[in-house]
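1. below is the sequence, then the predicted model.
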Amino acid sequence: MSESRSFIPLNIAVLTVSDSRTEQTDKSGPLMVARFEQAGHRLFEKAIVPDDIYRIRAVVSRWIAEPDPQVILTTGGTGVTGRDGTPEAVAPLLDKEIGGFGEMFRMLSYNTIGTSTLQSRAIAGVANGTYIFCLPGSSGACADAWDKLICHQLDYRTRPCNLVELMPRLLER
């Protein structure tokens, strides 16, 4: 990290995807909010939707269409069971996929959960100038994703490069 650059706070939206979680029982959404607010970023909006491709896509599409947020974090729905549909909901919305995110996430998760990490279909990408990260619903997985990957790439001070410094160019054609 470079101290010669100033931190740039971002507006971040959080979507919890779950058929069973409520505001009272959701652990991963509040964990993500606490982590990024502690880092200096701001909550744009937080929502919970059932694991339904079209409901997920509706919320993410609405956020992508707005000038803010700059980042969307989703938790849940990235597994392989019949109801897990977050990647299918979000992938068609992406202008560009950030394939390295899923690869790095699974590599880091291997240290914690071993070969079970192959069940994770975590993805990331850019849509209409907004970064989107789709994470598992496990609070441990969300903490690892934020602490070991996302927080560094959403910090303008991170060198040699970070996702924040690319923001002015995301909508170039």
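-> The structure has been received and is ready for your questions.
2. can you list contacts of the helix or strand of the chain with the lowest mean pLDDT?
-> Scoring the helices and strands of the chain by mean pLDDT, DSSP states H and E places helix 99-113 at the bottom, with a mean of 93. Here helix 99-113 makes contact (C-beta atoms under 8 Å, 6 or more residues apart in numbering) with 117-118, 120-124, 133, 135, 140-141, 144-145, 148-149. All C-beta spots, glycine's among them, are computed from the backbone N, C-alpha and C.
3. same question, stretch 154-173
-> Contacts of stretch 154-173 (C-beta under 8 Å, 6+ apart): 1-3, 5-8, 10, 36, 39, 41, 70-71, 126, 128-129, 131, 152-153.
4. ok, 10 Å please
-> The contact list for stretch 154-173 (C-beta atoms under 10 Å, 6 or more residues apart in numbering) reads 1-10, 12, 36, 39-41, 70-71, 73, 95-96, 98, 101, 124, 126-131, 133, 146, 150-153.
5. pull the distance from that stretch to the chain's centre.
-> Averaging C-alpha positions (C-alpha atoms, centre = their mean, to the nearest Å) puts stretch 154-173 16 Å from its chain's average.
6. re the thing from before, from the contacts of stretch 154-173, list just the buried residues.
-> 8, 10, 12, 36, 39, 41, 70-71, 73, 98, 101, 124, 126-131, 133, 146, 150-151, 153 (16 or more other C-beta atoms under 10 Å).
7. mark which of those are part of strands, please.
-> If you go by DSSP state E, those have I12, V71, L73, A124, V126, A127, T130, Y131, F133 in strands.
8. what sits against the first one?
-> Read it as I12. The neighbourhood of I12, defined by C-beta under 10 Å, 6+ apart, consists of 32-33, 35-37, 39, 41-46, 68-73, 131, 133, 150, 154.
9. same question for the last one.
-> Contact analysis of F133 by C-beta under 10 Å, 6+ apart lists 12, 32, 71-75, 90, 98, 101-102, 105, 122-125, 142, 145-146, 149-150, 153-154.
10. need the nearest residue in space to it, chain neighbours excluded.
-> Leaving aside its sequence neighbours, F133 sits nearest to A124 (C-beta to C-beta, 6 or more residues apart in numbering; 4.6 Å).
11. separation between that neighbour and K96?
-> Counting by C-beta to C-beta, to the nearest Å, the gap from A124 to K96 is 10 Å.
12. isn't A65 right next to I72, touching?
-> No: using C-beta atoms under 10 Å, A65 makes no contact with I72, being 11.6 Å away.
13. more crowded one of those two?
-> It is I72, of A65 and I72, that has more neighbours when counted by other C-beta atoms under 10 Å, with 25 against 10.
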